[in-house]
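**Student:** for reference, the sequence and a predicted model appear below.
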Amino acid sequence: MAYHFTILFPFVSMLLHSTLATGHTARSKALTFLLRGLLACKQASLSGRGRGIAIIYAEKRFRSQLKKAHRLLKNDKLATWETGAALFAHRTQDLQQVCVAVAWTALGAFRALEAWLIVEGRGIPFYSIFVHKDELKHRQTLVELTMWYALIAMRQPGQTLLVAVDRGFAKFDWVGASPLYPFMHLLLRLKRTTLLTWGTIRGPLQAWPL
């Protein structure tokens, strides 16, 4: 489904005006084109959003808008955290319990730790941290802790966050709620290779007759 520009533009403008970022019209337009590309192609990377824009717009307009969007994303003045927090607050304003998925994604020479808001079974990306793949080994735990505390800062009063992560995330040794974070519930993502034990039987999840 392609959402019309006139529907998304006021929404994007509202988000920018509610953050520390200036609500410049050109910036709002560029972000609106990116959002349309994301909704069309269901890929959060810049190239994926670009493909989505290409589906909707003619080639000439697509090229100019993609260049503007790329310059926008590289602009240090764009308050990415405030924008992500504003989107999170807007989509969860009536929710007491919020589901969030956090996972690493490979993007060329970089690795992105992305946070997705799960709404009605769909994932909406709202915040990410990028690290060069050669630095990941020494910085992974620090980056994961940074993401964890960013989610705590975005959490609205009275909300409980259910955060799904891979085993070993930030080297946490607990699952569920913790006395340190009673409003943050840690959930482990099950994979095909996750080992399950039942009595004396032990094997990967994919081998169990579920």
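**Tutor:** Arrived safely, thanks for sending.
**Student:** show me this structure divided up by domain.
**Tutor:** As given by automatic domain parsing, the domain ranges for the chain are 5-78, 94-195.
**Student:** looking at the ones you listed, which has the lowest confidence?
**Tutor:** Lowest mean pLDDT within these: domain 5-78, at a mean of 59.
**Student:** against which helices or strands is the host helix or strand of Ala101 packed?
**Tutor:** For Ala101, the element it lies in under DSSP states H and E is strand 97-107. Applying 3 or more Cβ pairs under 8 Å, 6 or more residues apart in numbering; DSSP states H and E, we find strand 97-107 packed against strand 110-119, helix 136-154, strand 160-165. Yep, even glycine has a C-beta here, placed from its N, CA and C like the rest.
**Student:** now these as TSV including mean neighbour count and distance to Phe130?
**Tutor:** Shown next, in TSV, are these (neighbours: other Cβ atoms under 10 Å; distance: least, Cβ to Cβ, whole Å):
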stretch	mean neighbour count	distance to Phe130
strand 110-119	18	5
helix 136-154	15	9
strand 160-165	18	18
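**Student:** of all these, which one is nearest Phe126?
**Tutor:** With respect to Phe126, and counting by Cβ to Cβ, the nearest of the helices and strands packed on strand 97-107 is strand 110-119 at 5.5 Å.
**Student:** helices and strands around that closest one, which ones?
**Tutor:** So strand 110-119, by 3+ Cβ pairs under 8 Å, 6+ apart, packs with helix 80-91, strand 97-107, strand 122-132, helix 136-154.
**Student:** redo the helices and strands packed on strand 97-107 as JSON lines? Include distance to Pro125.
**Tutor:** Formatted as JSON lines, these follow (distance: least, Cβ to Cβ, whole Å):
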{"stretch": "strand 110-119", "distance to Pro125": "5"}
{"stretch": "helix 136-154", "distance to Pro125": "13"}
{"stretch": "strand 160-165", "distance to Pro125": "14"}
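**Student:** right, so of those, which gets closest to Leu186?
**Tutor:** Between the helices and strands packed on strand 97-107, strand 160-165 lies closest to Leu186; by Cβ to Cβ that is 5.8 Å.
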